[in-house]
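# coordinates for the following, if possible.
(one chain, ligands or ions: 1)
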Amino acid sequence: MYARRSIKSSASVPLIQVQCKGPNGSGPEWLPLKQDWSSRWCTLPDRFTEEFSQRIYDFNTRDSDVFLVTFMKSGTTWMQELAWLLLNNMNFEAAQSSYTMIRSPYLEKSAIYSDGVDYISLCNDIQTNPRFIKSHLPAQLLPPQFWKKGCKIIYLARNPKDVVVSSFHFLTGLDFWRGSLDEFVDDFVADKMAFTSYWAHVIDFYRMRNEENVFFVTYEEMSRNLKDVVQRLSRFLDCKELSESEMDKLLTHLNFKNMKGRKFGNSTGLLSTLRKTKDDFNFMRRGIVGSYKDELSPENRNKIDKLTERFLEEYGVTESEIFGSME
Ligand code: A3P
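I've put the predicted structure just below:
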């Protein structure tokens, strides 16, 4: 069902690559995408064993489930907070008394952090309705039941250069990575960073963006016009229309500075209980579009742009069609 191969990278945890061959050997035939899946390898920690992949494959969904799928550092927590509030009748009180990551658990987290919790079982046993589950896995490694009619999938994408910068700070801050930004970029473009290939991850969902159960949106759209994203997402999730004052309250709650300042809006504290963090580590770092502009050298930008051009050529789509112009 799954093929795996080991790789060498500068990450401080051993990484492998996993491919879904599907029960018939020709890839995940349950996805509404037809393509040759033999090129789709996903880099993951080696804790993502055969048995672990099988448990993800066997994960039972419910018709009312909502899943949030992202490539890491794409604004997942921001979207989690937004969608959780819409799905939970704007319960700001609950949102202000526990971490987003707790209210909306992470399906494959046990393969990333070792905190003794079995997150697949935890997600399985959620009693509240609907369940709102996060995953960073690419389409082909998600549980096939995700695609069952009724389940809703929100896919949030962010431009690759900002993802690289944000990931570098995050992974070095948590000691998942030891090395320079130059080395990090080299591993990113060689698909040697967890969850890469970045572009395969994004493009497969971009191509499924018109599926009835998929809501494809970008961090850049959220930054440009959050109100519009809230309105569209609310319709997708079949939530009640928000009054003007509810909308104002929600936008204020989701504002970067406000989230950063709230104990349970900023996951820095929670993460430092899971891993030893650098003194200057802050999960809520800059929260802007284009932080690569003053953080990535022209050489590193060029390497990522070349990867983008090479990958997207086959699909006849440009980066700015997906994310809008960043100039
Ligand atoms: P930066 O490191 O560029 O600041 P994820 O939740 O997928 O790990 O993504 C984290 C990124 O989203 C970080 O980006 C973080 O600052 C940003 N982010 C989190 N909450 C945000 C908010 N309310 N508004 C804008 N960006 C936010």
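# ok, residue 72 to residue 125 distance?
Distance of residue 72 to residue 125, computed by C-beta to C-beta, to the nearest Å: 25 Å. C-betas here are computed from N, CA, C, even on glycine.
# same question, residue 20
Residue 20 sits 26 Å away from residue 125, going by C-beta to C-beta.
# quick check: residues of this protein near the ligand?
Within the chain, the positions near the ligand by C-beta under 6 Å from any ligand atom are 70, 72-78, 162, 166, 169, 254, 256, 259, 284-287, 291.
# swap in 8 Å and give it another go.
Neighbours of the ligand within the chain, by C-beta under 8 Å from any ligand atom: 70, 72-81, 156, 158, 162, 165-166, 169-170, 219, 222-223, 254-256, 258-260, 265, 267, 283-288, 291.
# of those residues, just the buried ones, PyMOL syntax please.
The buried residues among these can be selected in PyMOL (16 or more other C-beta atoms under 10 Å) with this line:
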select buried, resi 70+72+73+74+75+76+77+78+79+80+81+156+158+162+165+166+169+170+219+222+223+254+259+265+267+283+284+285+287+291
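# looking at residue 20 and residue 125, which is more packed in?
Legend: neighbour count by other C-beta atoms under 10 Å for residue 20 and residue 125, higher for residue 20 (22 against 9).
# once you drop chain neighbours, what's closest to the more buried one?
Distances taken as C-beta to C-beta, 6 or more residues apart in numbering place residue 140 nearest to residue 20, at 4.3 Å, with adjacent residues excluded.
# count the residues that sit near that neighbour.
Neighbours of residue 140 under the rule other C-beta under 10 Å: 25.
# with residue 14 instead?
12.
# ok now do it, which residues does it touch?
6, 45-46 (C-beta atoms under 8 Å, 6 or more residues apart in numbering).
# would you list the buried entries among these?
Buried by 16+ other C-beta under 10 Å: residue 45, out of these.
# residue 64 touches residue 150, doesn't it?
Yes. Using C-beta atoms under 8 Å, residue 64 is in contact with residue 150, at 7.1 Å.
# can you show me the helices along the stretch 151-300 of the chain?
Under the criterion DSSP state H, counting those that start in this stretch, the stretch 151-300 of the chain contains helices at 160-173, 181-189, 198-207, 219-224, 226-236, 244-254, 256-261, 268-274, 298-313.
# okay if I get those as CSV plus mean pLDDT?
Output for those, formatted as CSV (pLDDT from 0 to 100):
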stretch, mean pLDDT
helix 160-173, 95
helix 181-189, 96
helix 198-207, 98
helix 219-224, 98
helix 226-236, 98
helix 244-254, 97
helix 256-261, 93
helix 268-274, 80
helix 298-313, 98
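# the residue nearest to residue 20 contacts residue 36, correct?
No. When contacts are counted by C-beta under 8 Å, residue 140 is not listed as touching residue 36 (11.7 Å).
# what residues are shared contacts of these two?
Listed as contacting both residue 140 and residue 36 by C-beta under 8 Å, 6+ apart are residue 27.
# tell me how far residue 303 lies from the ligand.
Here the criterion is C-beta to the nearest ligand atom, to the nearest Å. By it, residue 303 lies 19 Å from the ligand.
# who's in contact with that residue?
Here residue 303 is in contact with 185-186, 189 (C-beta under 8 Å, 6+ apart).
# from these, which is closest to residue 314?
residue 189 (16.5 Å; C-beta to C-beta).
# number of nearby residues for that closest one?
Residue 189: 21 surrounding residues under other C-beta under 10 Å.
# which non-adjacent residue is nearest it?
What sits nearest to residue 189 in space, not counting adjacent residues and going by C-beta to C-beta, 6+ apart, is residue 307, at 4.6 Å.
# tally of neighbours for that neighbour?
Neighbours of residue 307 (other C-beta under 10 Å): 20.
# with residue 49 instead?
Neighbours around residue 49, by other C-beta under 10 Å: 16.
# can you check residue 147 too?
Look at residue 147: counted by other C-beta under 10 Å, it has 19 neighbours.
# tell me the confidence at it?
At residue 147, the model reports a pLDDT of 89.
# what sits against the residue nearest to the spatial centre of the chain?
When C-alpha atoms, centre = their mean is applied to the chain, the residue found nearest the centroid is residue 70 (2.2 Å). Contact analysis of residue 70 by C-beta under 8 Å, 6+ apart lists 76, 79, 134, 136, 155-158.
# so residue 130 lies in a helix, does it not?
No. Read with DSSP: H, G, I helix; E, B strand; the rest coil, residue 130 is coil and lies in no helix.
# the closest residue to it other than its chain neighbours and the ligand, how far apart?
Distance criterion C-beta to C-beta, 6+ apart; nearest residue to residue 130, sequence neighbours excluded, is residue 64 at 4.1 Å. Using C-beta to the nearest ligand atom, residue 64 is found at 24 Å from the ligand.
# how about residue 22?
From residue 22 over to the ligand (counting by C-beta to the nearest ligand atom), the distance is 28 Å.
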